[in-house]
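A.B. asks: Structure, please.
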Amino acid sequence: MHRYAQETAAQRVGSALDRRTGVAVVDVRGPIVTGPGRGRQAGADTVAARLRAVGRDPKVAGVLLRVDSPGGSYVASDTIHREVGRLREAGTPVVA
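C.D. replies: Numbering: from 1, shown residues only. Below you'll find the model as predicted:
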């Protein structure tokens, strides 16, 4: 892994990514539900808002979407999926 980090840094020299220094971690924990969610639920509105905020942060070079969920609403999951797609279209790598 250390070797990979060195190679990545070398590849970025002189690129627009020089100013982007971090990887954002967005957690999706619990059943995925529509709306903001309550308690231990992963509310699609909340997760989508976090993804949009990460996308606006100029320091973020990529996103790790960490999912620990038994499943849930397909509509809510689609909301999250659309936000991930928007991030990728904007040029921010997303790994789930």
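
A.B. asks: for the protein, longest helix please?
C.D. replies: Determined from DSSP state H, the single longest helix within the chain is helix 74-89.

A.B. asks: Who are the packing partners of it?
C.D. replies: Judged by 3 or more C-beta pairs under 8 Å, 6 or more residues apart in numbering; DSSP states H and E, helix 74-89 is in contact with strand 32-33, helix 44-56, strand 94-95. Using the backbone N, CA and C atoms, a C-beta is placed for each residue, glycine as well.

A.B. asks: tell me which residues in that helix are buried?
C.D. replies: Across helix 74-89, burial judged by 16 or more other C-beta atoms under 10 Å covers 76, 77, 79, 80, 83, 84, 87.

A.B. asks: Could you report the distance from the fourth one to residue 41?
C.D. replies: By that I understand residue 80. 13 Å (C-beta to C-beta, to the nearest Å).

A.B. asks: which neighbours do those two share?
C.D. replies: Shared contacts of residue 80 and residue 41, defined by C-beta atoms under 8 Å, 6 or more residues apart in numbering, comprise residue 32.

A.B. asks: tell me the contacts of the most centrally placed residue in the chain?
C.D. replies: The centre of the chain sits closest to residue 63, judged by C-alpha atoms, centre = their mean, with a distance of 3.9 Å. For residue 63, the contact set (C-beta under 8 Å, 6+ apart) comprises 23, 24, 25, 26, 51, 54, 87, 92, 93, 94, 95.
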